[in-house]
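A.B. asks: Based on what follows, work out the 3D shape:
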Amino acid sequence: MAKNPIALAINGRFLAQPISGVQRFARELILAMDRVLLHTGRAAFSPVTLWAPPDVPEEALPSGLKILKIERAGRLAGHLWEQIELPRIARDAVLISLTNSAPLLHPRQLVAIHDAAIMEYPGDFKWTYRAWYRGLYAGLRRTSARFISDSSFAADEVARHFRISADRITVVPLASQHFLPLEPDRSVLDHLGLSQQGYILAVGGRSGRKNLAVVERAIALLDGCPILVIAGGGKSRAFSASNTVPVTNAVFLDHLSDAAIKALYQSALCLVFPSRYEGFGLPPLEAMICGCPVIVSHAAPMPEVCGDAALYCDPDRPDTVAANIRLLMADDVLRAKLIARGSERVRQFSWERSASKVLEIAEQQA
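C.D. replies: As a prediction, this is how the structure comes out:
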């Protein structure tokens, strides 16, 4: 006897937020889920609905979806919409929440918790943000929810800090294929007068754990002092301004399109990603798929993500960053070898495979 189709709901509260790593994860995973459902004819799910609060602007809604339906519902916004209205809206469905937050009162759900940074680096976040999420995860732990996280390292951190049983957490990694079809917007290079391989690129915010100040100190140790370009890292209300690390000798580029960031990756000498703590760390994979060599810290989970396709540095020692930059400046063979390894490495990660894994877990929650 055939089973009845499972109604699937996706929490679209994140669509009202600026795009950072977790929002990127959610957007790309939703697009990939739509592709998987379209091409596999997966009959287990119907309907599949992305529910959005009323404050989400039209231009923020994903376009080109074939299977997923997008619906706005409710009158509230933010946490109130998520905690009060979403459980009613999605009451008969398995609910998927992809950006660290979910309603406490939904009986069948899958929740993404990307890392435990609020515990490891509390100074990077406002106390109200820390208190809310610690309470939320304590509540979700007592429900029947299943969880996903970005890497084996992140899953272990979530289990340890939030006391969630490890067998309830599944690793669902990120990927970088969203950069492949983009036509690079080189106007950003022309505007700044940047030349091919004439600058060092860093991507991310200026919080303590992102550690971008070490790149500035490393460049000061190099002859000629190449230009440091820092892309992204727009301000979020979650982060504490008191723990922002000053970086002064750099070109800052916020609110860039993906096409502009692709152009920056393609023309940089290298990406330096010296983060002390990540759930995954997507910029190195994005750089690799754009043919940009990568220097990363040896802090977890970067070896898990990058394997042998990157050079590794000590995040607390600028001289190790500088030494790796010197290698890339002087050795074209090494640079070409890293680019080739990066091209191979990114094939180990796929939004479609990650989406299929999420759908499999959702089916088990029915």
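A.B. asks: what about Arg168, distance to Ala44?
C.D. replies: Relative to Ala44, Arg168 is positioned 21 Å away (C-beta to C-beta, to the nearest Å). All C-beta atoms are positioned from the backbone trio N, CA, C, and that covers glycine.
A.B. asks: again, but for His114
C.D. replies: For His114, the distance to Ala44 - C-beta to C-beta - is 26 Å.
A.B. asks: Looking at the two, which is more packed in?
C.D. replies: His114 (23 against 16; other C-beta atoms under 10 Å).
A.B. asks: now that one, what's its secondary structure?
C.D. replies: For His114, the assignment made with DSSP: H, G, I helix; E, B strand; the rest coil gives coil.
A.B. asks: Phe153 is in contact with that one, correct?
C.D. replies: No: when contacts are counted by C-beta atoms under 8 Å, His114 is not listed as touching Phe153 (11.4 Å).
A.B. asks: Which SSE is immediately downstream of whichever helix or strand Ile200 is part of?
C.D. replies: Using DSSP states H and E, Ile200 maps to strand 199-203. Using DSSP H and E, the helix or strand that follows strand 199-203 towards the C-terminus is helix 213-219.
A.B. asks: Touching both of His114 and Phe153, which residues are there?
C.D. replies: Residues within reach of His114 and of Phe153 at once, by C-beta atoms under 8 Å, 6 or more residues apart in numbering, are Gly279.
A.B. asks: Name the residues linked to Val296 by a beta bridge.
C.D. replies: Phe273, Tyr312 (DSSP bridges).
A.B. asks: What count of nearby residues applies to Ala213?
C.D. replies: Using other C-beta under 10 Å, Ala213 has 17 neighbouring residues.
A.B. asks: Kindly report the same for Gly123.
C.D. replies: So Gly123, with other C-beta under 10 Å, has 12 neighbours.
A.B. asks: That one touches Arg209, doesn't it?
C.D. replies: No: assessed by C-beta under 8 Å, Gly123 is found out of contact with Arg209, at 9.1 Å.
A.B. asks: ranges for the strands of the stretch 1-150 of the chain?
C.D. replies: 6-11, 45-52, 69-72, 94-97, 109-112, 146-149 (DSSP state E, counting those that start in this stretch).
A.B. asks: pLDDT of the last one, averaged?
C.D. replies: Per-region confidence: strand 146-149 scores 98 on mean pLDDT.
A.B. asks: Would you mind writing the CA trace of that strand as CSV?
C.D. replies: Presented in CSV, the C-alpha positions along strand 146-149 are these (Å, rounded to 0.1, in the frame of the first residue of the first chain):
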residue,chain,number,x,y,z
ARG,A,146,16.7,16.1,14.4
PHE,A,147,19.6,18.4,13.7
ILE,A,148,22.2,19.0,10.9
SER,A,149,25.5,20.7,11.1
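A.B. asks: contact partners of it?
C.D. replies: Here strand 146-149 makes contact (C-beta under 8 Å, 6+ apart) with 109-115, 140, 155, 157-158, 164, 168-172, 279, 357-358, 361, 364-365.
A.B. asks: try 7 Å this time
C.D. replies: 110-114, 155, 158, 164, 168-172, 279, 358, 361, 365 (C-beta atoms under 7 Å, 6 or more residues apart in numbering).
A.B. asks: so Leu253 bridges to which residues?
C.D. replies: Going by DSSP bridges, Leu253 forms beta bridges with Ala231.
A.B. asks: check contacts around it.
C.D. replies: Val188, Val229, Ile230, Ala231.
A.B. asks: So which of those is the closest to Leu76?
C.D. replies: Ala231 (34.3 Å; C-beta to C-beta).
A.B. asks: Glu28 and Gln177 touch, don't they?
C.D. replies: No: with contact defined as C-beta atoms under 7 Å, Glu28 does not count as touching Gln177 (8.4 Å).
A.B. asks: just so I have it, where are all the helices in the chain?
C.D. replies: Ranges of helices within the chain are 21-40, 78-80, 86-89, 117-120, 127-141, 152-162, 187-192, 213-219, 258-267, 283-289, 302-306, 318-330, 332-345, 351-365, based on DSSP state H.
A.B. asks: Run the chain-centre distance for the second one.
C.D. replies: Its chain's C-alpha centre lies 22 Å from the corresponding centre of helix 78-80 when counted by C-alpha atoms, centre = their mean, to the nearest Å.
A.B. asks: Give me the average confidence score over stretch 54-72.
C.D. replies: For stretch 54-72, the per-residue pLDDT averages 95.
A.B. asks: Now do the end-to-end distance for it.
C.D. replies: Using C-alpha to C-alpha, to the nearest Å, the end-to-end distance of stretch 54-72 comes out at 6 Å.
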